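Participant: Just the structure for this:
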Amino acid sequence: MLKRCGRRLLLALAGALLACLLVLTADPPPPPVPAEHGRRALRSLAGHPRGGGPGAPASPGALAREVHSLSEYFSLLTRARRDTGPPPGGASRPADGRPPQPAEPLAPRDVFIAVKTTKKFHRARLDLLLETWISRHKEMQWPLWLREGDLPSWSHRWGAGGPVRRPSPEDCNAAAAPLPAGPCAQPDPVNQASCMTFIFTDGEDEALARRTGNVVRTNCSAAHSRQALSCKMAVEYDHFIESGRKWFCHVDDDNYVNVRALLRLLASYPPTQDIYIGKPSLDRPIQATERVSENKMRPVHFWFATGGAGFCISRGLALKMSPWASGGHFMSTAERIRLPDDCTIGYIVEALLGVPLIRSGLFHSHLENLQQVPASELREQVTLSYGMFENKRNAVHVKGPFSVEADPSRFRSIHCHLYPDTPWCPGTAVF
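Facilitator: Got it, this is the predicted structure:
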């Protein structure tokens, strides 16, 4: 009798000891989760392997087959939270997929806008840009975090406070220097912001030089060949690297740049990371042949942002492009694939560096139907254009104070829509 009781006691003690060991070695309990949230996450996990997707409903039998214990349930729930939660580093992931808001604002002096042109278009195209968006952006000297109402009156209106002198190289150097503390602390804001845009051309033009001090004569051919285009892009790239600025943006002389929208867009991305943003003109990657040696070729395909709509590259990425783009290497790289300048940019970024193009519908070229751009959304667009599309006049359809005959590009009407306080815009214009 005593032996039988002792044996039972020993078995009970051994069972208790085993239970304690199991508890100690088990995973720690997860934090409490609302029941409804946990059931929804579990249904998602249980239904997904059956092919219905993460949002497909699952039957109780399916749940029983997929989850066999409470610890497994919490393990699956924790994994689901990790997959749907914010990325590493604590940055939030917006539901609309757009980049997060900037941690610090972007000033106009941080951006280098290169306008590619040729001498025969100085009057026909450049004069229009100087009259519209380039002239207006000379006023945009304030950092992006200031509202227009915070600006001193002498820097708010074009021409207010007397004539504007042409900026000197010293002004451009000062524009790249750090700003003193405090808003609107720049001593000569008009001349500093006028250094935001640089015009790259192939011919001497004293009249153009008198209107703006940022004309770069590239010594490239005036032909519209891939060699001439790549030559100008190489000069643009080298000037940007020397400027020390955060962003390089390339546009053509038939582009209207909405500088406010451009700054808003770029401020959403860190310039130290690899950012290549623009709009492709093709609906598929371009197929090319890459020369790897004298007698060896191989196929290559990549996306590229069309230069006709404009594109932007962060400084962090531009520095990585240096082995294939700086000091004349850009032209030799272009010859490897025998494609124009914008294709060569995509080749370097996507094919050689493995950085994907960020596609943005806010850039527009004459290669698309511009009449499909809603007039109600003009303030959000970064670039616009004009030209011919399918043998018809191609321009943004916008009402304004100027007729189509007087304003065939619609740039003047667009400018008055965006900046109705421009002196030459009629005060009673209806859009």
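Participant: Confirm Gly400 sits in a strand?
Facilitator: No - under DSSP: H, G, I helix; E, B strand; the rest coil, Gly400 falls outside any strand and is assigned coil.
Participant: can you map out the helices along the stretch 101-250 of the chain?
Facilitator: 127-131, 133-137, 153-156, 169-176, 189-193, 206-211, 226-243 (DSSP state H, counting those that start in this stretch).
Participant: Show me what the last one packs onto, helices and strands only.
Facilitator: Using 3 or more Cβ pairs under 8 Å, 6 or more residues apart in numbering; DSSP states H and E as the contact definition, the elements that helix 226-243 packs against are strand 111-116, strand 197-201, strand 247-252, helix 315-320, helix 322-325, helix 329-337, helix 341-346. Any C-beta I mention is one placed from the backbone N, CA and C, and that applies to glycine too.
Participant: For that helix, could you pull out the residues that count as buried?
Facilitator: Residues 226, 228-241, 243 are the ones in helix 226-243 that count as buried (16 or more other Cβ atoms under 10 Å).
Participant: ok, back up a step: considering the helices of the stretch 101-250 of the chain, which stretch scores lowest in mean pLDDT?
Facilitator: Lowest mean pLDDT of the helices of the stretch 101-250 of the chain: helix 153-156, a mean of 28.
Participant: hang on, the earlier thing: Gly278: which of the buried residues of helix 226-243 is nearest?
Facilitator: For the buried residues of helix 226-243, the closest approach to Gly278 (Cβ to Cβ) belongs to Met233, at 13.7 Å.
Participant: give the contact list for the closest one.
Facilitator: Neighbouring residues of Met233 by Cβ atoms under 8 Å, 6 or more residues apart in numbering: 116, 250, 330, 341-342, 344-345.
Participant: Apply 6 Å and report the result again.
Facilitator: Asp341 (Cβ atoms under 6 Å, 6 or more residues apart in numbering).
Participant: just the one 4 residues further on next, same as before
Facilitator: The neighbours of Tyr237, taking Cβ under 6 Å, 6+ apart as the test, are Ala325.
Participant: ok, 8 Å please
Facilitator: The contact partners of Tyr237, by Cβ under 8 Å, 6+ apart, come to 248, 318, 321, 325-326, 330.
Participant: so how far is Met331 from it?
Facilitator: 11 Å (Cβ to Cβ, to the nearest Å).
Participant: Asp274 reaches Val355, doesn't it?
Facilitator: Yes - at 4.4 Å, Asp274 counts as touching Val355 under the criterion of Cβ atoms under 8 Å.
Participant: list residues touching both of those two?
Facilitator: Here Asp274 and Val355 share the contacting residues Leu317, scored by Cβ under 8 Å, 6+ apart.
Participant: Return the members of the contacts of Tyr237 classed as buried.
Facilitator: By 16+ other Cβ under 10 Å, these give 248, 318, 321, 325, 330 as buried.
Participant: Just give me the closest of those residues to Thr197.
Facilitator: Phe248 (12.3 Å).
Participant: The closest one: what's it in contact with?
Facilitator: By Cβ under 8 Å, 6+ apart, the neighbours of Phe248 are 112, 114, 236-237, 240, 312-315, 318.
Participant: And it, how far from Asp254?
Facilitator: Counting by Cβ to Cβ, the gap from Phe248 to Asp254 is 20 Å.
Participant: and if you look at Ala207?
Facilitator: Taken as Cβ to Cβ, the span from Ala207 to Asp254 is 20 Å.
Participant: Which one's more surrounded, these two?
Facilitator: Shown here are Ala207 and Asp254; by other Cβ atoms under 10 Å, Asp254 has more neighbours (21 against 9).
Participant: Can you tell me the closest non-neighbouring residue to the more buried one?
Facilitator: Nearest in space to Asp254, with sequence neighbours left out and distances taken as Cβ to Cβ, 6 or more residues apart in numbering, is Ser385 at 5.3 Å.
Participant: State the pLDDT value of that neighbour.
Facilitator: Looking at Ser385, its pLDDT reads 97.
Participant: same question, Pro167
Facilitator: Here, the pLDDT recorded for Pro167 equals 42.
Participant: How about Lys399?
Facilitator: Lys399 is given a pLDDT of 88.
Participant: for it, phi and psi?
Facilitator: Per-residue torsions, Lys399: phi -80, psi 160 (degrees, to the nearest 10).
Participant: Counting neighbours, what do you get for it?
Facilitator: Counted with other Cβ under 10 Å, Lys399 comes out at 12.
Participant: Hmm, it is touching Ser413, no?
Facilitator: Yes - between Lys399 and Ser413 a contact is recorded at 7.3 Å, counting by Cβ under 8 Å.
Participant: returning to what we had before: which of the contacts of Tyr237 lies at the shortest distance from Phe389?
Facilitator: Nearest to Phe389 among those, counting by Cβ to Cβ, is Phe248 at 28.1 Å.
Participant: Not counting its neighbours along the chain, what's nearest the closest one?
Facilitator: Phe240 (4.2 Å).
Participant: if we can go back for a sec, can you put the contacts of Phe248 in a markdown table and add distance to Phe389?
Facilitator: A markdown table is the format used below for the contacts of Phe248 (distance: Cβ to Cβ, whole Å):
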| residue | distance to Phe389 |
| --- | --- |
| Phe112 | 30 |
| Ala114 | 25 |
| Glu236 | 27 |
| Tyr237 | 30 |
| Phe240 | 31 |
| Cys312 | 24 |
| Ile313 | 27 |
| Ser314 | 31 |
| Arg315 | 34 |
| Ala318 | 32 |
